[in-house]
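> sequence below, structure please.
(one chain, ligands or ions: 1)
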Amino acid sequence: MIIEPRMRGFICLTAHPTGCEQNVKNQINYVKSKGHIEGAKKVLVIGASTGFGLASRITSAFGSDAATIGVFFEKPPMEGKTASPGWYNSAAFENEAQKAGLYAKSINGDAFSNEIKQQTIDMIKADLGQVDLVIYSLASPARLHPTTGVLHRSALKPIGGTFTNKTVDFHTGNVSQISIEPAVQEDIDNTVVVMGGEDWSMWMDALKSAGVLANGATTVAYSYIGPEVTEAVYRKGTIGRAKDHLEATAFSITDSLKDIDGKAYVSVNKALVTQASSAIPVIPLYISLLYKIMKAEGIHEGCIEQMQRLYSERLYTGNGVPTDDKGRIRIDDWEMRADVQEKVASLWLEATTENLPQIGDLEGYRSDFHNLFGFGFEGVDYKADTNEMVNVSSIE
Ligand code: NAI
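You can find the predicted model right below:
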């Protein structure tokens with residue numbers, strides 16, 4: 001079929017297999033170009049199919065020749081209907097890993113469930129014995145709690161008062177005011193259940209009890225802080241409470257891994273266009289201004305550059321893991337640079353529908369968004385008849 005982008009709100013309903021393959025290949029080439037990283041050799045990535053998780057998997061495999069197991073929740077294709085992009089990304093990743101002689105298997109299902117945890121443990125036992133790095137990179141709007149059976153939905157809301165600020169519809173470029181009503185306690189609690197640290201902790205407990213964590217194993221989850229302009233809806237909002245919980249969980253996991261000399265970290269990453277972040281109001285406007293400035297300064301990074309730097313300059317320096325005073329790894333350091341933030345804050349006040357294409361990088365935002373779904377890559381013939389029925393080779 002001829003596959004074109006079909007946008008609906010902040011999602012795209014179609015994905016291009018060849019474009020997704022190109023995206024994965026570009027990321028692999030980047031990691032290879034930066035040289036070998038003396039990192040973990042057996043790696044489990046939870047949330048491995050898109051965004052930071054995919055980039056982590058690629059960095060482990062092609063930076064450190066690691067065997068990887070990837071867990072994700074993606075939609076396979078049906079005749080005439082494309083898969084979700086993470087499916088095609090994973091298919092391409094496995095093919096490339098195979099060509100490079102690297103072990104790579106994937107599990108498609110709900111990572112919050114006991115069944116998927118057990119399936120993962122069985123796969124580690126059968127194929128790898130143990131893992132020495134666990135990346136936790138889930139971003140989900142909902143979680144079916146495995147113990148209570150309750151379906152929790154997260155909310156992206158401010159706490160304590162209505163938040164009114166600018167936002168942009170990045171498809172039309174229209175800058176407008178948005179008002180978001182404050183969360184009630186239930187919204188906060190639900191968001192913490194979905195995006196906080198409980199499930200990460202459950203994964204680590206399950207892996208440890210099963211004896212599949214190697215001595216000295218490390219686990220890393222991802223967090224975000226961001227600037228003042230997004231604070232009310234992000235770091236001081238419901239999602240921020242979940243991130244506080246996730247960050248606190250790193251300490252309790254480290255405690256529980258003491259006897260195997262294990263360690264849990266949270267890495268604070270840069271704001272980037274992913275399926276998860278485009279759903280958060282205000283963030284797309286912030287990102288388009290930020291991109292413009294960071295690109296002009298020559299310090300812009302995408303997911304793969306961030307993960308390559310996380311591994312090579314933070315996790316595997318051979319000389320300890322540098323953290324901030326709260327024990328967090330920081331790779332949002334360039335985003336949070338005072339000069340960068342000052343410029344964003346002043347552009348923020350100026351931004352209008354009319355001037356955003358000049359003062360912001362709306363084109364860069366759109367292009368990254370299209371790329372998420374495999375569209376807009378050089379060297380891909382989007383007019384060609386394309387087979388949507390692509391398999392992920394390790395999944396029956
Ligand atoms: P993403 O949407 O690109 O990736 C989410 C991954 O989770 C995908 O692999 C998806 O298949 C998987 N997933 C979702 N629900 C699942 C489920 N029930 N079972 C199994 N897999 C499931 O998201 P992104 O942006 O890469 O986010 C990953 C982490 O990074 C999140 O914790 C996010 O808060 C954090 N982060 C994101 C930033 C951003 O600007 N995008 C900035 C800093 C941190």
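> ok, longest helix in the protein?
Secondary structure of the chain read by DSSP state H shows that its longest helix is helix 238-256.
> now do that one: which elements does it pack against?
helix 185-195, helix 198-209, strand 213-223, strand 263-268 (3 or more CB pairs under 8 Å, 6 or more residues apart in numbering; DSSP states H and E). (Each C-beta comes from the backbone N, C-alpha and C, glycine too.)
> now do 10 Å
When contacts are defined as 3 or more CB pairs under 10 Å, 6 or more residues apart in numbering; DSSP states H and E, helix 238-256 packs onto strand 131-136, helix 185-195, helix 198-209, strand 213-223, strand 263-268.
> buried residues in it?
238-247, 249-250, 253-254 (16 or more other CB atoms under 10 Å).
> can you count the residues close to the residue nearest to L207 when sequence neighbours are not counted?
Once flanking residues are discounted, L207 sits nearest to L213: 5.1 Å by CB to CB, 6 or more residues apart in numbering. L213 sits with 24 neighbouring residues when counted by other CB atoms under 10 Å.
> repeat that for the one 3 residues further on.
Using other CB under 10 Å, G216 has 12 other residues around it.
> pLDDT score for it?
Here, the pLDDT recorded for G216 equals 98.
> which residues touch it?
40, 132, 257, 260-263 (CB atoms under 10 Å, 6 or more residues apart in numbering).
> go again using 7 Å as the cut-off
By CB atoms under 7 Å, 6 or more residues apart in numbering, G216 lies in contact with 132, 261-262.
> any of those residues buried? List them.
Buried, going by 16+ other CB under 10 Å: 132, 262, out of the contacts of G216.
> near the ligand, which residues of the stretch 201-350 of the chain?
Counting by CB under 6 Å from any ligand atom, the residues of the stretch 201-350 of the chain lying close to the ligand are 222-224, 269, 271-272, 274-277.
> out of these, who's the most crowded?
Neighbour max across these (other CB under 10 Å) = Y222, 26 neighbours.
> that one contacts I135, correct?
No. Here Y222 lies out of contact with I135, judged by CB atoms under 7 Å, at a distance of 8.3 Å.
> residues of the stretch 51-200 of the chain that sit close to the ligand?
Counting by CB under 6 Å from any ligand atom, the stretch 51-200 of the chain sits next to the ligand at 51-53, 71-74, 86, 110-112, 137-140.
> now the two most distant members of these.
F52 and D110 (19.4 Å; CB to CB).
> when the two are compared, which one has more neighbours?
F52 (26 against 16).
> tally of neighbours for G80?
If we define neighbours as other CB under 10 Å, then G80 has 8 of them.
> that one - nearest residue in space that isn't next to it in sequence?
Per CB to CB, 6+ apart, closest to G80 is M1, 6.5 Å.
> and the one you found, how far from Y382?
12 Å (CB to CB, to the nearest Å).
> same thing with D255?
51 Å.
> what stretches of the stretch 201-350 of the chain score poorly on pLDDT?
Along the stretch 201-350 of the chain, the model assigns pLDDT under 70 to no residue.
> ok, G302 - how many residues close by?
So G302, with other CB under 10 Å, has 17 neighbours.
> ok, now which ones touch it?
So G302 contacts L272 (CB under 7 Å, 6+ apart).
> again, only this time at 8 Å
G302 sits next to 55, 272, 368 when contact means CB atoms under 8 Å, 6 or more residues apart in numbering.
> what about the residue lying closest to H16 once chain neighbours are set aside, how many neighbours?
Take H16 and drop its neighbours on the chain: the residue closest to it by CB to CB, 6+ apart is G374, 3.5 Å away. A count of nearby residues for G374, using other CB under 10 Å, gives 29.
> pLDDT wise, what is G374 at?
98.
> mind listing what it touches?
15-23, 85, 88, 380.
> nearest to D361 among the residues you listed?
Distances from D361 to the contacts of G374, taken by CB to CB, are shortest for N23, at 19.2 Å.
> can you give me the strands in the chain?
7-8, 11-12, 42-46, 67-72, 104-108, 131-136, 142-144, 151-153, 163-169, 174-180, 213-223, 263-268, 329-330 (DSSP state E).
> just give the number of residues close to the residue in the stretch 51-200 of the chain positioned nearest to the ligand.
Distances between the stretch 51-200 of the chain and the ligand by CB to the nearest ligand atom are smallest at G51, namely 2.1 Å. Neighbourhood size, G51 [other CB under 10 Å]: 24.
> look up how far N190 lies from it.
22 Å.
> one more: N26?
Taken as CB to CB, the span from N26 to N190 is 37 Å.
> higher neighbour count, the two?
Remark: of N26 and N190, N190 carries more neighbours, 22 against 17, as counted by other CB under 10 Å.
> for the nearest residue to the more buried one once chain neighbours are set aside, give the beta-bridge partners.
Excluding the flanking residues, the one nearest N190 by CB to CB, 6+ apart is H152, at 4.5 Å. Counting by DSSP bridges, H152 is bridged to R143.
> which residues touch the spatially closest residue to N269 that is not a sequence neighbour?
Closest residue to N269 apart from its sequence neighbours, by CB to CB, 6+ apart: Y222 at 5.3 Å. By CB under 8 Å, 6+ apart, Y222 lies in contact with 52, 136-137, 266-269.
> separation between Y222 and R6?
29 Å.
> and if you look at D65?
39 Å.
> tell me which of the two has more neighbours.
D65 (15 against 11).
> bridged to Y222, which residues?
With DSSP bridges as the rule, Y222 is bridged to S267.
> and the residues of the stretch 51-200 of the chain next to the ligand, which of them are in helices?
Among these, the members falling in helices (DSSP H) are 51-53, 86.
> can you list the contacts of G374 in JSON lines and add pLDDT and neighbour count?
Shown next, in JSON lines, are these (pLDDT from 0 to 100; neighbours: other CB atoms under 10 Å):
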{"residue": "A15", "pLDDT": "98", "neighbour count": "25"}
{"residue": "H16", "pLDDT": "98", "neighbour count": "26"}
{"residue": "P17", "pLDDT": "98", "neighbour count": "24"}
{"residue": "T18", "pLDDT": "98", "neighbour count": "20"}
{"residue": "G19", "pLDDT": "98", "neighbour count": "26"}
{"residue": "C20", "pLDDT": "98", "neighbour count": "33"}
{"residue": "E21", "pLDDT": "98", "neighbour count": "21"}
{"residue": "Q22", "pLDDT": "98", "neighbour count": "19"}
{"residue": "N23", "pLDDT": "98", "neighbour count": "26"}
{"residue": "P85", "pLDDT": "97", "neighbour count": "27"}
{"residue": "Y88", "pLDDT": "98", "neighbour count": "28"}
{"residue": "V380", "pLDDT": "98", "neighbour count": "19"}
